[in-house]
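[1] any chance you can model this:
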Amino acid sequence: MKPPYTITSEILWLVSAISQKIGEANAKHLVRQNPKLRKQNKIKTIHSTLGIEGNTLTEKQITALIENKRVVGPEKDIKEVLNALSVYKELKQFRFYSEKDFLKAHKLLMSGLILKPGAFRSKGVGIVTGSLIKHLAPPHHNVKFLMADLFDYLKSDADLVLIKSCVFHYEMEFIHPFLDGNGRMGRLWQTLILMNEYPLFEFLPFETLIAKNQKEYYRALSASDKEGSSTKFIVFMLKIIDESLSLLLNNTARKLNESERLELFLETNEDAFTRKDYLKYHSTISSATASRDLKLGVEQKLIKMIGDKKTATYKKKK
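    Okay, here's the model as predicted:
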């Protein structure tokens, strides 16, 4: 069954605005061309999505954990970050339409934090604020059926991906299929759904804006609960995505330096290559610049040179 919502003029306008910004970002290769930005955005994503759930570690501490450095902090918070790093490392391997992969991701995300990670809940749950019950989730015996229905919607419905990702996020939060980790799974899976059609979403930290607008996020969820429709949540999330893309377009105008150019090339090229291959990939740089990039790469031991200067080939060092 298709989840209930209404396509409003505001939703259509937001979809159009987002599509235009995605096209502009792709045309400029903004995220693809900046490895450092991708790393920074990954850190921001993890910091924000866990911060919404109460994690106290800073971006600096998360960076240290990525670099395998010792971090002093609550054991639970460190475990949450390490788990999130594992999940985001594997993100491209998950199939957005697979319930099996969804459970696998939850197991990685919540391992060591709850008793049965990667399994749907077997008891009733509710969201309580103070003495008030804000949301009473469907009975546990309905969870399996409801989630199967939701994944059928992902696989078969012809909705635009931008809308479908928001619908899934809301409906999953409403079902509340796990004892814990529902919020971070909703945000993670929306990213995965969007990535399937728009790869730049792998590195677009819209969770940062959700964290900054946390009250509005929960208000949108609550309003949709009361209306029995995800329309208001769709509007909220599309606004967040639109603003995130605007920030991306405004903040990524600088040119790559020689190390970043070579790093980007090596990410997509595992075979031996020539300077001509490098120039073909970076078509806006000169032959002299390409030679300097490759010379620096050899000096930094990122690549090795095979043959003499004129006929040299290069190979990425293992």
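
[2] quick one: buried residues of stretch 186-200?
    Buried residues in stretch 186-200, defined by neighbour count with 16 or more other C-beta atoms under 10 Å: 186-196, 198, 200. Any C-beta I mention is one placed from the backbone N, CA and C, and that applies to glycine too.

[3] what's stretch 192-200 in contact with?
    22, 25-26, 30-32, 91-92, 94, 96, 154, 161-162, 164-165, 168, 201-202, 241, 248 (C-beta atoms under 8 Å, 6 or more residues apart in numbering).

[4] narrow the residues you listed to just the buried residues.
    Buried among the contacts of stretch 192-200 by 16+ other C-beta under 10 Å: 22, 25, 30-32, 94, 96, 154, 161-162, 164-165, 168, 201-202, 241, 248.

[5] filter the contacts of stretch 192-200 down to the ones in strands?
    Of the contacts of stretch 192-200, none are assigned to strands by DSSP state E.

[6] restricted to helices, list those residues.
    Counting by DSSP state H, the contacts of stretch 192-200 place 22, 25-26, 154, 161-162, 164-165, 168, 241, 248 in helices.

[7] where does this protein dip in pLDDT?
    29-35, 128-133, 135, 252-255 (pLDDT under 70).

[8] how's it carved up into domains?
    Structurally, the chain divides into domains by automatic domain parsing as follows: 9-251, 258-316.

[9] helix/strand/coil for residue 305?
    Classification of residue 305 using DSSP: H, G, I helix; E, B strand; the rest coil returns strand.

[10] that one bridge partners, please.
    Beta-bridge partners of residue 305, counted by DSSP bridges, are residue 314.

[11] surely it meets residue 298?
    Yes. If you go by C-beta atoms under 8 Å, residue 305 and residue 298 touch, sitting 5.2 Å apart.

[12] quick one: the helices in the stretch 201-318 of the chain?
    Ranges of helices in the stretch 201-318 of the chain, per DSSP state H, counting those that start in this stretch, are 206-212, 214-227, 231-251, 258-267, 275-281, 287-299.
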